[in-house]
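# this one's sequence-less:
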Ligand SMILES: Cc1cc2nc3c(=O)[nH]c(=O)nc-3n(C[C@H](O)[C@H](O)[C@H](O)COP(=O)(O)O)c2cc1C
Ligand code: SF4
Ligand code: FES
């Protein structure tokens, strides 16, 4: 049995867990002091050696990303923390910032010192008021304690941190769209190259990292590389927060070594909802191809999930039992992508529109068998042809669900409607009235 | 512009504080639009002109940005923005039903406001609280694990002028204008208010404790 490893989550249950006092008593900010005594290149090397990979979805090696910054030319370079957390199913960064914002702030300080940044930004999605209060306060407390500001702990290192609010746009989680948004523009992805490491915020060298990636840095510096690499698998090192949601007994945040399996996680979470069984799940959010019970024992690390045909993504494990209509689930996700498409490129803008039309037709019982093929053909003209990964992500649940549950799509066509009782999926009792169906037809 | 003198003076002072947070002035635009909403309750024509003047942009440039983001409202918003998550996970767990009953109960649809100006309803995308599905947000505070009854009760209480507490967050929900000021980056002194971390947030930690597991040091 793989054991859970509460590192980032360890203090979440403490009294005033978000305060500087609680964080410091648990050993917080000692890694910062240690880091300030190290050479920046040694910090980068440690993070490289730890094997830490980006926790924001793509899994790019964090130390390597830092190493891509060009040599210091005397001008500014920036760290931008991606706290936009909006990928459906993903719900780990928000509780991290609510419960332990100082882990992030300390990570920001160490990372900034390592890459030679004197002004860092934390871009938080706008729809989470209390998270803003907690992070703003943590930054203020850190200034007062001398962990931020001028000449931090006598090191000669200066750092300012700005907490910034987004305003409701999933695409702003894409790193270059995020940079445009932070510059006060519409959040639309930029052409790469140049990569942010070379020309990012204000066209200066910039590192963009996810909240959990940055918050993991203090533990690596504090406990050492060997401590970190002792967790996880061959090429997926360390711990990560796995977010279980949906039809499970005890949904929530489970911090475990990479490589734990869904079967193990379910066991810890009390299993699937009483009297029901697993039907399908996403390993890494709605942009990752779905799995079924066939992957219950797949190690949840980058390699094994990839080899099984999906992506580890953000470890957003959305679990659906046999009452769930897969066509309904996929239609709703697709409407999300249509809504969030930034409109910059035609395959995604037009494609997500047509996908939604076809899916709604099928779900509403007005589709034809040819529509199912039309759906796949439309996905073909989006995946790999879009300007950014949002377009690809929009096709994942469609392609994987048609492969796994084609007969369910066909049943909607044959029966002229949805064969499922939506009320059976809900967590409370109600009887499914026709009015409910109308609202979404 | 039709702002009175005191309002304009306060806006100008706040805008200067926001602009000072960035090396390049235009970056202040998103928080300044939140600031405008904290005064006008939506992104007003006056507010657009104000941002344009402060940031040396045209009103058209400011509008083009404002209309890109769903949190910026083009019409006067209700005092309480009530959103029901109807992205897949929440929808399946009951969010669709909550939306239908709530919308019927309140008598307005998506992005519409009640006549008394109290409630604006909205269907939300995933709000990063899926482990608490089905989720509702009021002025961007979490109302976790909702049912149609609990959601209707919250809205009734809000309309009756009662204090309403989120399930995670501060002791009470503040107004749309007040929360917009928080998003503009101004402290409202409520960070230490707390309704508890939440069961799902602590689920893994509790499971680990139950097994006597800790991360090694
Ligand atoms: C449409 C889209 C949305 C994304 N949303 C997020 C997000 O909310 N948070 C995040 O950290 N990364 C998000 N990403 C990934 C970022 O582009 C980027 O890879 C990441 O922030 C890098 O940080 P990391 O290396 O620490 O993971 C998103 C990517 C895409 C294409
Ligand atoms: S793929 Fe979609 S979101 Fe990405 S640039 Fe194209 S239109 Fe915008
Ligand atoms: S799907 Fe509703 S909060 Fe994530």
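In hand now; what should we look at? Predicted model only: the values in this text are computed from it and were never measured. Residues are numbered from 1 along each chain as shown, chains lettered A, B, ... in the order given. Ligands and ions are numbered 1, 2, ... in the order given.

# C-alpha from now on. contacts and neighbour counts both.
Noted.

# give me the domain ranges for the chain.
Reading this off chain A. A:20-229, A:239-321, A:326-425 (automatic domain parsing).

# you looked at the wrong chain, it should be chain B
B:5-66, B:80-175.

# any idea how far apart the tips of the shortest one sit?
As for domain B:5-66, its first-to-last residue distance stands at 25 Å under the measure CA to CA, to the nearest Å.

# give the rounded mean pLDDT of that domain.
The predicted model assigns domain B:5-66 a mean pLDDT of 98.

# how far does that domain sit from the chain's center?
On the basis of CA atoms, centre = their mean, to the nearest Å, domain B:5-66 sits 18 Å off its chain's mean C-alpha point.

# does residue A:94 touch residue A:130 like I think?
No: with contacts counted by CA atoms under 8 Å, residue A:94 stays clear of residue A:130, the gap being 9.7 Å.

# between those two, which contacts overlap?
The contact sets of residue A:94 and residue A:130 do not overlap (CA atoms under 8 Å, 6 or more residues apart in numbering or on different chains).

# can you get me a residue count around residue A:145?
13 (other CA atoms under 10 Å in any protein chain shown).

# tell me the secondary structure at the nearest residue to residue A:5 once chain neighbours are set aside.
Nearest non-adjacent residue to residue A:5, counting by CA to CA, 6 or more residues apart in numbering or on different chains: residue B:215, 4.5 Å away. Using DSSP: H, G, I helix; E, B strand; the rest coil, the structure places residue B:215 in coil.

# can you give me the neighbour number for residue B:215?
When neighbours are counted by other CA under 10 Å, residue B:215 comes out with 18.

# is stretch A:126-136 in proximity to ligand 3?
No: judged by CA under 6 Å from any ligand atom, stretch A:126-136 stays clear of ligand 3, getting no closer than 11.1 Å.

# outside of that stretch, which residues touch it?
With CA under 8 Å, 6+ apart, stretch A:126-136 has contacts from A:18, A:94, A:97-98, A:101-102, A:124, A:163, A:165-168, B:71, B:127, B:139-142, B:169-170, B:179, B:182-183, B:185, B:187-188, B:190-192.

# what subset of the residues you listed is buried?
A:18, A:94, A:97-98, A:101-102, A:124, A:163, A:165-168, B:71, B:127, B:139-142, B:169-170, B:179, B:182-183, B:185, B:190-192 (16 or more other CA atoms under 10 Å in any protein chain shown).

# take those residues and keep only those in strands.
A:124, A:163, A:165, B:141, B:142 (DSSP state E).

# and the domains of chain B, which is most packed in?
domain B:80-175 (a mean of 22; mean count of other CA atoms under 10 Å in any protein chain shown).

# confidence score at the residue nearest to residue A:103 when sequence neighbours are not counted?
Closest residue to residue A:103 apart from its sequence neighbours, by CA to CA, 6+ apart: residue A:215 at 5.1 Å. What the model reports as pLDDT for residue A:215 is 98.

# residue A:215 belongs to a strand?
No: read with three-state DSSP, residue A:215 is helix and lies in no strand.

# give the contact list for it.
Contacts of residue A:215 by CA under 8 Å, 6+ apart are A:8, A:103, A:104, A:105, A:106, A:107, A:108.

# will you turn those residues into CSV that also has secondary structure, pLDDT and neighbour count?
Shown next, in CSV, are the contacts of residue A:215 (DSSP: H, G, I helix; E, B strand; the rest coil; pLDDT from 0 to 100; neighbours: other CA atoms under 10 Å in any protein chain shown):
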residue, secondary structure, pLDDT, neighbour count
A:8, coil, 98, 22
A:103, helix, 98, 27
A:104, helix, 98, 28
A:105, helix, 98, 25
A:106, helix, 98, 26
A:107, helix, 98, 25
A:108, helix, 98, 30
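
# what's near enough to touch the closest residue to ligand 1 within chain B?
Chain B approaches ligand 1 most closely through residue B:128 (9.7 Å), counting by CA to the nearest ligand atom. Contacts for residue B:128 (CA under 8 Å, 6+ apart) come out as A:85, A:86, A:87, A:88, A:89, A:90, A:91, A:92, A:94.

# any idea how far ligand 3 is from the third one?
In this case it means residue A:87. Per CA to the nearest ligand atom, to the nearest Å, residue A:87 is found 8 Å from ligand 3.

# and the residue nearest the centre of chain B?
In chain B, the residue lying closest to the centroid (CA atoms, centre = their mean) is residue B:140, at 3.1 Å.

# enumerate the residues of chain B near ligand 3.
B:85, B:87, B:88, B:89, B:90, B:126, B:127, B:128, B:129, B:130, B:133, B:135.

# take those residues and keep only those in helices.
Under the assignment DSSP state H, the residues of chain B next to ligand 3 contribute B:88, B:89, B:90 to helices.

# identify, from these, the entry nearest to residue A:368.
Lowest distance from residue A:368 to those (CA to CA) belongs to residue B:88, with 23.7 Å.

# right, and that closest one touches residue A:332 too?
Yes: Residue B:88 lies in contact with residue A:332 (CA under 8 Å); the separation is 5.5 Å.

# show me the strands in the chain, by range?
Going with chain A. Using DSSP E, strands in chain A cover A:78-83, A:119-124, A:160-165, A:206-210, A:239-246, A:252-257, A:278-282, A:316-321.

# actually, chain B is the one I wanted.
Counting by DSSP E, one finds strands in chain B at the ranges B:80-85, B:112-113, B:119-124, B:136-138, B:141-143.

# what pairs with the third one, parallel or antiparallel?
I take that to be strand B:119-124. strand B:80-85 (parallel), strand B:112-113 (antiparallel) (DSSP bridges).

# which residues touch that strand?
By CA under 8 Å, 6+ apart, strand B:119-124 touches B:77-87, B:99, B:103, B:108-114, B:155, B:159.

# repeat that with 7 Å
For strand B:119-124, contacts defined as CA atoms under 7 Å, 6 or more residues apart in numbering or on different chains pick out B:77-86, B:109-114.

# out of those, who's nearest residue A:424?
residue B:86 (16.7 Å).

# how far away is that closest one from residue B:95?
According to CA to CA, residue B:86 and residue B:95 sit 5 Å apart.

# where does pLDDT dip in the stretch 301-441 of chain A?
Where the stretch 301-441 of chain A drops to pLDDT under 70, the residues are A:433-441.

# now the helices for the stretch 201-350 of chain A?
A:211-223, A:225-229, A:262-268, A:302-307, A:326-340, A:346-363 (DSSP state H, counting those that start in this stretch).

# swap that for chain B, sorry
Going by DSSP H, chain B shows helices at B:5-19, B:29-40, B:45-55, B:59-66, B:88-90, B:96-106, B:148-159, B:176-183, B:199-211.

# and the angle from the fourth one to helix B:45-55?
The directions of helix B:59-66 and helix B:45-55 differ by 110 degrees, with axes from the mean of the first three to the mean of the last three CA atoms, to 10 degrees as the criterion.

# and stretch A:7-26, which residues are buried?
Buried residues in stretch A:7-26 (16+ other CA under 10 Å): A:7-13, A:16-20, A:22-23.

# ligand 1: which of those residues is nearest?
Using CA to the nearest ligand atom, those come closest to ligand 1 at residue A:8, 15.3 Å.

# for beta bridges, what are the partners of the residue in the stretch 251-400 of chain A positioned nearest to ligand 3?
Of all residues in the stretch 251-400 of chain A, residue A:318 sits closest to ligand 3, at 9.0 Å by CA to the nearest ligand atom. On the basis of DSSP bridges, residue A:318 takes part in beta bridges with residue A:245, residue A:282.
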